[in-house]
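Trainee: Need coordinates for the below:
(chains A and B)
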Number of protein chains: 2
Amino acid sequence: MKKVITISRQFGSGGRTIGRSAAEKLGYEFYDKELIEKIAEESGLSREYIEAHGESSPSRNIFAYAFVGRDASGNSVGDYLWRTQRDIIEKIAEKGNCVIVGRCADYILRNRVDCLHVFIHADMDKKKERIVSLYGETDATPEKRLLEKDKTRAMNYKYYTDRTWGMAENYHVSLDSSALGEERCIDLIVGLARIL
Amino acid sequence: MKKVITISRQFGSGGRTIGRSAAEKLGYEFYDKELIEKIAEESGLSREYIEAHGESSPSRNIFAYAFVGRDASGNSVGDYLWRTQRDIIEKIAEKGNCVIVGRCADYILRNRVDCLHVFIHADMDKKKERIVSLYGETDATPEKRLLEKDKTRAMNYKYYTDRTWGMAENYHVSLDSSALGEERCIDLIVGLARIL
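Mentor: Residues are numbered from 1 along each chain as shown, chains lettered A, B, ... in the order given. Down below sits the predicted model:
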């Protein structure tokens, strides 16, 4: 039985929804927005800041990031947010029986044997449909929004983990939610969590 | 029901064995060495050449590859091998009911809706054990042999497909055979092939 499930996901793939349903079926705690609350509490940073930067700290503007907002030891607010997130994720995992979405949890918890690390992706057309129906239209095309969001996540992940985001080898199982369907992804995750 | 299963795999992950068992359970043809035979027949190239270069053409030495052995139209023997492989893989897929291992089949068949594309990977320690027990010791360390083989596959894949080898998004499902176990991987693939 795996006590911790991490879900990494492409934007628009439905990974968060899949994670929430898997948590419900397993009777596990689900950490997504809840994680932001905890991080806000412990760090003193605003929810808005965490939401905007928790998975994208250094990447939006790597030069601005490199030179501003560092303390005397050279630590940026991004590094501070990273360390706070990491400590909270480690504490949550220690308690067990939880599903954690995003925030490099797969990397942070890579040495724990009681974790199942999952990556959810989907084809571009399905992701486009999904984000437009969930978040509506914006000035940018759906494809541009999708690519930018994932690029940001990939850069953040690379910066803090030195790994390539979305490489199959980082996860125990990676699933195409558009090909398999959300229900089947949920069942596979729940089944693997129970059996492994 | 998926009529074609492609298996891409890290060296030492057991992907080929998993593919063969999945083929047996589904009553499908299995193409690995068999593919080399077919390519040899159609291309006139030797089995040894195909085995050595079929998944690693331009990468061993990109400069040598770029400048030698090209015909009047600038086609190298590597390009010729690629085209022959591609045509044979397309023909095999058209016949259906088959499992194809390696050789960029996931990319070549990316537009067919009757395919299940699978990637098999494993952790380094398990892969080391496996290749030493299967192929014995050599002068190079097991880790070096593993990294070189996969690097070669990755460069070949990049050259011909412009994709990154091992990215989860290229496959419908990616599985860690060391975490899940070979039997479970086989059952998952067979189950998904039947249900999708």
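
Trainee: What count of nearby residues applies to residue A:80?
Mentor: Residues lying near residue A:80 (other Cβ atoms under 10 Å in any protein chain shown) number 17. Every C-beta, even on glycine, is put in place using the N, C-alpha and C of the backbone.

Trainee: I'd assumed residue A:39 was in contact with it.
Mentor: No - if you go by Cβ atoms under 8 Å, residue A:80 and residue A:39 don't touch, sitting 10.7 Å apart.

Trainee: Give me the common contacts of these two.
Mentor: residue A:45 (Cβ atoms under 8 Å, 6 or more residues apart in numbering or on different chains).

Trainee: Where does the prediction get shaky in chain A?
Mentor: Residue ranges of chain A with pLDDT under 70: A:57-72, A:74.

Trainee: can you list the residues of it near chain B?
Mentor: A:10, A:119, A:121, A:164, A:166-169, A:171-176, A:179-180, A:184, A:188, A:192, A:195-196 (Cβ under 8 Å from any Cβ of the partner chain).

Trainee: filter the residues you listed to the buried ones?
Mentor: A:10, A:119, A:121, A:166-169, A:171-176, A:179-180, A:184, A:188, A:192, A:196 (16 or more other Cβ atoms under 10 Å in any protein chain shown).

Trainee: Okay, and which of these map to helices?
Mentor: Secondary structure from DSSP state H places A:179-180, A:184, A:188, A:192 of those in helices.

Trainee: Just put those residues in TSV and tack on distance to residue B:27.
Mentor: Output for these, formatted as TSV (distance: Cβ to Cβ, whole Å):
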residue	distance to residue B:27
A:179	23
A:180	23
A:184	23
A:188	24
A:192	26
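
Trainee: Nearest to residue A:105, out of the residues you listed: which one, please.
Mentor: Distance to residue A:105 across those (Cβ to Cβ) is lowest for residue A:192, with 16.8 Å.

Trainee: now the closest one, nearest residue through space, not along the chain?
Mentor: Spatially, and ignoring its direct neighbours in sequence, residue A:192 is nearest to residue A:116 (5.9 Å; Cβ to Cβ, 6 or more residues apart in numbering or on different chains).

Trainee: So that neighbour belongs to a strand, correct?
Mentor: Yes - inclusion of residue A:116 in a strand is indicated when DSSP: H, G, I helix; E, B strand; the rest coil is applied.

Trainee: which residues touch it?
Mentor: Counting by Cβ under 8 Å, 6+ apart, residue A:116 has contacts A:2, A:4-6, A:172-173, A:189, A:192-193, A:196.

Trainee: Looks to me like residue A:134 is in a strand.
Mentor: No - counting by three-state DSSP, residue A:134 falls outside a strand, being helix.

Trainee: shouldn't residue A:18 be in contact with residue A:189?
Mentor: Yes - look at residue A:18 against residue A:189 with Cβ under 8 Å: they come within range, at 7.0 Å.

Trainee: Going along the chain, name the strands of chain A.
Mentor: A:4-9, A:29-31, A:98-101, A:115-121, A:173-176 (DSSP state E).

Trainee: Name every strand pairing with the first one and say which way it goes.
Mentor: Spelled out, that is strand A:4-9. Using DSSP bridges, the strands paired with strand A:4-9 are strand A:98-101 (parallel), strand A:115-121 (parallel).

Trainee: One more: the last one?
Mentor: With DSSP bridges as the test, strand A:173-176 is paired with strand A:115-121 (parallel), strand B:173-176 (antiparallel).

Trainee: And the shortest one, by the same measure?
Mentor: Using DSSP bridges, the strands paired with strand A:29-31 in its sheet are strand A:98-101 (parallel).

Trainee: tally of neighbours for residue A:20?
Mentor: The burial count for residue A:20: 16, using other Cβ under 10 Å.

Trainee: In contact with the residue lying closest to it once chain neighbours are set aside: list those residues for me.
Mentor: Closest residue in space to residue A:20, ignoring its immediate chain neighbours: residue A:30 at 5.2 Å, by Cβ to Cβ, 6+ apart. Residue A:30 makes contact with A:19-20, A:23-24, A:98-99, A:101 under the criterion Cβ under 8 Å, 6+ apart.

Trainee: Alright, calling it a day.
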